[in-house]
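A.B. asks: no sequence on this one, just coordinates:
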């Protein structure tokens, strides 16, 4: 079988399509597995780090869970979200 390389975003979109259109409602286990895969893949899509309010200078926050993250940290230690520092 030939391996197909796709982006994380495309994989998430495909899983969302499968979840919405191709699964039978009775297949709860498959639906739960697809939901879990979507959540795991979405955490691999880098999200821009948020700056805290002005009264906390040089404080950076995770864009998902709003916990403080250290400068240039690749992932949030609390929720696992991949971080974008651009």
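C.D. replies: All right, it came through fine. Remember, predicted model here, so these are calculated numbers, not experimental data.

A.B. asks: residues touching residue 68, list them.
C.D. replies: By Cβ atoms under 8 Å, 6 or more residues apart in numbering, the contact list for residue 68 reads 52, 59, 60, 61, 62. For the C-beta atoms, the positions are set from N, CA and C on the backbone; glycine is no exception.

A.B. asks: let's see that with 7 Å instead.
C.D. replies: Residue 68 makes contact with 59, 60, 61, according to Cβ atoms under 7 Å, 6 or more residues apart in numbering.

A.B. asks: just checking, the last one touches residue 70?
C.D. replies: No - shown here, residue 61 and residue 70 do not form a contact pair, counting by Cβ atoms under 7 Å, at 11.4 Å.

A.B. asks: leaving out the residues flanking it, which one is nearest to residue 48?
C.D. replies: residue 84 (4.7 Å; Cβ to Cβ, 6 or more residues apart in numbering).

A.B. asks: wait, the one you found sits on residue 46?
C.D. replies: Yes - using Cβ under 7 Å, residue 84 is in contact with residue 46, at 3.8 Å.

A.B. asks: ok, these two, which is more surrounded?
C.D. replies: Comparing residue 84 with residue 46 by other Cβ atoms under 10 Å, the one with more neighbours is residue 46, at 16 against 12.

A.B. asks: next, count neighbours for residue 15.
C.D. replies: Using other Cβ under 10 Å, residue 15 has 17 neighbouring residues.

A.B. asks: got the buried residues for the helix or strand hosting it?
C.D. replies: Assigned by DSSP states H and E, residue 15 belongs to helix 8-17. Residues of helix 8-17 classed as buried by neighbour count (16 or more other Cβ atoms under 10 Å): 12, 15.
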